[in-house]
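Peer 1: show me the folded form of this:
(chains A, B, C and D)
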Number of protein chains: 4
Amino acid sequence: MKAIFLIHCPDQTGIISSVTSFIHRGGGNITYLDQHVDEEAGVFFMRLEVDFSEGSLPADEIENRFEKDLAGPYAMEWSMHLREKRPRMALFVSKYNHCLYDLLIRYSTGELKAEIPLIISNHEDLRHIAEQFGIPYHFIPVSRETKAKAEEKQLALLRDNKVDFVVLARYMQIVTEKLIAEYPSRIINIHHSFLPAFAGAKPYHAAFNRGVKIIGATSHYVTEELDAGPIIEQDITRVSHVHKVNDFIEKGRDLEKLVLSRAVQLHVNRKTMVYNNKTVIFT
Amino acid sequence: MKAIFLIHCPDQTGIISSVTSFIHRGGGNITYLDQHVDEEAGVFFMRLEVDFSEGSLPADEIENRFEKDLAGPYAMEWSMHLREKRPRMALFVSKYNHCLYDLLIRYSTGELKAEIPLIISNHEDLRHIAEQFGIPYHFIPVSRETKAKAEEKQLALLRDNKVDFVVLARYMQIVTEKLIAEYPSRIINIHHSFLPAFAGAKPYHAAFNRGVKIIGATSHYVTEELDAGPIIEQDITRVSHVHKVNDFIEKGRDLEKLVLSRAVQLHVNRKTMVYNNKTVIFT
Amino acid sequence: MKAIFLIHCPDQTGIISSVTSFIHRGGGNITYLDQHVDEEAGVFFMRLEVDFSEGSLPADEIENRFEKDLAGPYAMEWSMHLREKRPRMALFVSKYNHCLYDLLIRYSTGELKAEIPLIISNHEDLRHIAEQFGIPYHFIPVSRETKAKAEEKQLALLRDNKVDFVVLARYMQIVTEKLIAEYPSRIINIHHSFLPAFAGAKPYHAAFNRGVKIIGATSHYVTEELDAGPIIEQDITRVSHVHKVNDFIEKGRDLEKLVLSRAVQLHVNRKTMVYNNKTVIFT
Amino acid sequence: MKAIFLIHCPDQTGIISSVTSFIHRGGGNITYLDQHVDEEAGVFFMRLEVDFSEGSLPADEIENRFEKDLAGPYAMEWSMHLREKRPRMALFVSKYNHCLYDLLIRYSTGELKAEIPLIISNHEDLRHIAEQFGIPYHFIPVSRETKAKAEEKQLALLRDNKVDFVVLARYMQIVTEKLIAEYPSRIINIHHSFLPAFAGAKPYHAAFNRGVKIIGATSHYVTEELDAGPIIEQDITRVSHVHKVNDFIEKGRDLEKLVLSRAVQLHVNRKTMVYNNKTVIFT
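Peer 2: Here you go, the predicted structure:
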């Protein structure tokens, strides 16, 4: 049994020693440990990968003891994830296909170790791609009047499909507080600029007008404030005066795909933690 | 005689043919030609490097004929620069030494083909570096009350030293309209962020607080609006949650040096043109 | 009518002037011009994009006159390509699907302006992908004994389909002299290393064993010497001690896709010229 | 008292728990822990930063107990370094000044936390730079006949100055087995190529001739085989057909400076471990 532990708590001496001794006593072999202390905030973060040998306690018993022996005394927020259990991911898309294709190919080749029980879209345009890869595609149109109802339908689908997290793969609608509240730090967006520059609509046009020499893309967890959530991953590419807005858009597509897929992989592999609107990204 | 021509004018057919024929008739061999059309603005840009053979006309006569035969008919704004004439550059500094050191070393090794007749500073801190490299160092303190007078002194020094352009090598004062008006598109600043993100004061602190995964530096021509002038060069480096503000500052120093020196080299080698608050950067 | 001219010839004065005057007289408007002089070799290279107005001469007449007036006198090797005529590209694949998917998606969205009349493979594994995108898939098995015959079949298919150039999208066979002779500087390969490091088989394993901190991918034209042809494009990504060979392979896939697609785009857009086993890549 | 521990030993369960418990019992607070397991080799690596509180045992007593309680039982190779003790670094140079300048500026500003008791050179050219920064400069000419004697002088100087490690800052001589044997994994070289491509002499010329689109620099520990030691850091920059060998050299200088200074910083901050001719580089 392979498990991943994510832990954060107020910093104090002895935490690493206590946790690693607990694992050792429980028959676990630590194959990966990384930790971080946010000195300003006084918070300790740790990520562990552990191999529990055949005769170890069952997962829920380990969880019970961890809660009692460690989480209580150290005031930890923590989670334990079994490797064999793949997180369930919903994709929200609109009309752009590049991020959708990219994620579905990684999924179909086994590179992306998640389940994708459904795709939700406010347009019919990309249904054929969903069908190519055999994923159910739900068309839920959204207008100003129907927004609340549409969201109810979305949430019902997410619940019915036991979705763990949501990826907005160039979904061209602003998701609402209700969805965010139900999936805190579990909705991943790709924004087509180097945030915080050019938040909001039409970032490539804004970048072109400003005459920047580098454009970027940013993947972040969605919070109520638009394009202001914790950043998971960013990357950039060079542009010059020879490039028009359409060139920015074309170069940007490759960036968006890569940055979003890296962020999704980090989330799926439990390498992200959120604190104070920032992320800790483990290696 | 080696000369560089920089030209821009309303776009129309036949410009390249007319200019290259002019050069050819005048005994010049074009060793480099690059051009760009800004289709939105309808403006044509061109940069030429030309070798004029021994028996060619003198430079001022070439200029006269160019003005009459081409610049007039095509409504060109243009300039011709002789390779052997090095532009004269003034350095403005405050307390940070890294950009100053970097430029002076490139100057002293001959890599930077400019003259540096003087360094101006509002502090005495970096005088010893100026002395190491044998460059006159002028201490002109600046306070709110003395700002106007200090600027007069600066301008007088620039004029006396026949300065062609000014480099703000982490000069921690805002230069005023008067200086900008006298050196339009000829004052180069280095800003320690990936503009337009984090304009203004303390960009590394702002970047840290936002939790970005990449920091940058931007070199631009100074205009009246703070940190909003035409961008010459930008570059970035990766950061992560393990880096504190001081790490951002330290990594940023290497970025600032490189980005500023590249921008200065582009300017010195006449590879920049400014139009509509953007730059055309020739290769 | 939009046309692209690619020209190279012994360097001498007046070429640009002669060519641009020719275009101007012929009713063409030059929308792009870039040139390069290889001073060591004494060779001049030029790329032009030209808009010929409605009343211009027909393409073949322009070609005739160009040959007579310019190509002869200047000893030029040159070609003229009409924008509306898309080059025809054959894809060779084996078992890896990532480069194939990447190119087919760019093709199907119109980003890649080529025709793809066929895919040839020595395995059946990727037929379903060809079918997803509606491209004929030809299975031609290759063994040591059948290699010559297989190549005949390949060549026949290429001729029948009027193929202009070939892309080896992780084709795991060495193509032979005969194919190379028929498609000189028109077979594009992707090699999964930063050439010339790690030429030949298993470059990721070799890179891992050497303990490099950066891995790369290289796209090049195929010549008879293995992995030694003119380089079109390269890119890299960082690795560290935490990455195993499989991580190299996974990170490498994203590199390979990007580098190959950029090289193919450069070729399709007539931005590459080959000389002395090197490339000139126009912007 | 702040200390850094570097440990490697055969991998087995319980090491992290044992080490962290030892530190905790000894009154230490772990402020950083990173570990790595080389699964192929079956070797465990760990780096710890520890704050020992006021009343803790003295450093040598901690060392004694660590040796007895942990190093023995686990067959560890290990070292403990006190933060306040700066390593002593000798610089070897020839005629190129850029790496020397770069390191001396970082040293003089306090960014590089090492002592530099001396500079050794086989030329007099850079003496004035050493004098600018007040570092003793020893001129030891090297010819084929005097090589052995010169090396004796070098070694005597290194011993007299209690030098911990040596940096070859573009030193244009091959150091001999004797020096390497005395400073195993403690001589840092900068090679001006992306190793293993273009090992040996004139790498920029070789890169130019091959027509690469990217050039690099590599910093590595020196071993007996030329340019084949464990790589500490690499970086790259783009080039194109417009760049001549001299442009490669000029762009390369900036790369060499950065790559060498990063490698030296990693070594000084005890973030490097060597095993099987590779490095583990801690963050």
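Peer 1: where does the stretch 1-150 of chain A have low pLDDT?
Peer 2: Judged against pLDDT under 70, the stretch 1-150 of chain A has no low-scoring part.
Peer 1: tell me what the residue of it found nearest chain B is bridged to.
Peer 2: Residue nearest to chain B within the stretch 1-150 of chain A (CB to the nearest CB): residue A:36, separated by 6.0 Å. C-beta coordinates here come from the backbone N, C-alpha and C atoms, glycine included. Per DSSP bridges, the residues bridged to residue A:36 are residue A:45.
Peer 1: show me what contacts it?
Peer 2: Residues in contact with residue A:36 (CB atoms under 8 Å, 6 or more residues apart in numbering or on different chains) are A:44-46, A:280, B:241-242.
Peer 1: helix, strand, or coil at residue A:263?
Peer 2: Here residue A:263 is helix, with the state taken from DSSP: H, G, I helix; E, B strand; the rest coil.
Peer 1: surely it and residue A:191 touch.
Peer 2: No - judged on CB atoms under 8 Å, residue A:263 makes no contact with residue A:191 at a distance of 11.0 Å.
Peer 1: show me the common contact partners of those two, please.
Peer 2: Common neighbours of residue A:263 and residue A:191 (criterion: CB under 8 Å, 6+ apart): A:219-220.
Peer 1: who in chain A is up against chain C?
Peer 2: Counting by CB under 8 Å from any CB of the partner chain, the residues of chain A close to chain C are A:97-98, A:101, A:105, A:109, A:111, A:132, A:240, A:242, A:250, A:253-254, A:258, A:283.
Peer 1: buried subset of these as a ChimeraX selection?
Peer 2: The ChimeraX selection below is limited to those of those classed as buried (16 or more other CB atoms under 10 Å in any protein chain shown):
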select /A:97,98,101,105,132,240,250,253,254,258
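Peer 1: which one of the residues of chain A next to chain C is nearest chain D?
Peer 2: Looking across the residues of chain A next to chain C and measuring by CB to the nearest CB, the closest to chain D is residue A:283, at 7.3 Å.
Peer 1: on the three-state scheme, the closest one is what?
Peer 2: Look at residue A:283: counting by three-state DSSP, its state is coil.
Peer 1: can you list the contacts of residue A:36 in CSV and add distance to residue B:62?
Peer 2: Below are those laid out as CSV (distance: CB to CB, whole Å):
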residue, distance to residue B:62
A:44, 71
A:45, 68
A:46, 72
A:280, 63
B:241, 59
B:242, 59
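Peer 1: if any of these are buried, put those into a PyMOL selection.
Peer 2: In PyMOL, this line selects whichever of the contacts of residue A:36 come out buried by 16+ other CB under 10 Å:
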select buried, (chain A and resi 44+45+46+280) or (chain B and resi 241+242)
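Peer 1: among the contacts of residue A:36, which one sits closest to residue D:154?
Peer 2: Lowest distance from residue D:154 to these (CB to CB) belongs to residue B:242, with 37.9 Å.
Peer 1: quick one, grab the pLDDT at the closest residue to that closest one other than its chain neighbours.
Peer 2: Distance criterion CB to CB, 6 or more residues apart in numbering or on different chains; nearest residue to residue B:242, sequence neighbours excluded, is residue D:283 at 5.8 Å. We have a pLDDT of 90 for residue D:283.
Peer 1: thought residue A:269 was touching residue A:113?
Peer 2: Yes - with contact defined as CB under 8 Å, residue A:269 and residue A:113 form a contacting pair (7.5 Å).
Peer 1: neighbour-wise, which of these two wins?
Peer 2: residue A:269 (17 against 14; other CB atoms under 10 Å in any protein chain shown).
Peer 1: check contacts around that one.
Peer 2: residue A:113.
Peer 1: before we move on, what about residue A:205?
Peer 2: Residue A:205 neighbours (CB under 8 Å, 6+ apart): residue A:245.
Peer 1: follow-up on the earlier one: okay if I get the residues of chain A next to chain C as a markdown table plus secondary structure?
Peer 2: Formatted as a markdown table, the residues of chain A next to chain C follow (three-state DSSP):
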| residue | secondary structure |
| --- | --- |
| A:97 | coil |
| A:98 | helix |
| A:101 | helix |
| A:105 | helix |
| A:109 | coil |
| A:111 | coil |
| A:132 | helix |
| A:240 | coil |
| A:242 | coil |
| A:250 | helix |
| A:253 | helix |
| A:254 | helix |
| A:258 | helix |
| A:283 | coil |
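Peer 1: of all the residues of chain A next to chain C, which two lie farthest apart?
Peer 2: Between any two of the residues of chain A next to chain C (CB to CB), the greatest distance is 37.2 Å, for A:242 and A:283.
Peer 1: first-to-last residue distance for stretch A:267-275?
Peer 2: 15 Å (CA to CA, to the nearest Å).
Peer 1: pull out the buried positions in it.
Peer 2: Quick answer for stretch A:267-275 (16+ other CB under 10 Å): A:267-275.
Peer 1: equivalent analysis for stretch A:110-128, please.
Peer 2: Across stretch A:110-128, burial judged by 16+ other CB under 10 Å covers A:112, A:114-122, A:126.
Peer 1: stretch A:30-45 now?
Peer 2: Here stretch A:30-45 shows A:30, A:33-38, A:43-45 as buried, counting by 16+ other CB under 10 Å.
Peer 1: likewise stretch A:194-206?
Peer 2: Those would be A:194-199, A:203-204, A:206, for stretch A:194-206 by 16+ other CB under 10 Å.
Peer 1: show me the helices in chain A, by range?
Peer 2: A:15-25, A:59-66, A:72-74, A:98-108, A:127-132, A:147-160, A:177-182, A:203-210, A:245-268 (DSSP state H).
Peer 1: ramachandran angles for the residue lying farthest from the centre of chain A?
Peer 2: Computed with CA atoms, centre = their mean, the residue of chain A farthest from its C-alpha average is residue A:242, at 34.9 Å. Dihedral angles phi and psi of residue A:242 (degrees, to the nearest 10) take the values phi -80, psi -20.
Peer 1: for it, give its distance to residue C:283.
Peer 2: Separation of residue A:242 from residue C:283 (CB to CB, to the nearest Å): 6 Å.
Peer 1: enumerate the residues of the stretch 151-283 of chain A near chain B.
Peer 2: So the stretch 151-283 of chain A meets chain B at A:194-198, A:210-214, A:216, A:230-236, A:240-242, A:244, A:277-281 (CB under 8 Å from any CB).
Peer 1: if we can go back for a sec, ok, the residue farthest from the centre of chain A to residue C:106 distance?
Peer 2: Applying CB to CB to residue A:242 and residue C:106 gives a distance of 20 Å.
Peer 1: residue A:192 too?
Peer 2: The value you get for residue A:192 to residue C:106, if CB to CB is used, is 18 Å.
Peer 1: how about residue A:74?
Peer 2: Between residue A:74 and residue C:106 the distance, using CB to CB, works out to 51 Å.
Peer 1: residue A:255 and residue A:215 touch, don't they?
Peer 2: Yes - the pair residue A:255 / residue A:215 is scored as a contact, 7.3 Å apart, by CB under 8 Å.
Peer 1: what residues do these two have in common as contacts?
Peer 2: By CB under 8 Å, 6+ apart, the residues touching both residue A:255 and residue A:215 are A:236-237.
Peer 1: nearest spatial neighbour of residue A:48, skipping sequence neighbours?
Peer 2: Nearest one to residue A:48, counting by CB to CB, 6+ apart, is residue A:5 at 4.3 Å.
Peer 1: again with residue A:74
Peer 2: residue A:9 (4.8 Å).
Peer 1: residues contacting the closest residue to residue A:196 other than its chain neighbours?
Peer 2: Once flanking residues are discounted, residue A:196 sits nearest to residue B:197: 5.1 Å by CB to CB, 6+ apart. Contacts here follow CB under 8 Å, 6+ apart; on that basis residue B:197 touches A:194-197, B:203, B:207, B:212, B:216.
Peer 1: among these, which lie within strands?
Peer 2: Among the contacts of residue B:197, the members falling in strands (DSSP state E) are residue B:216.
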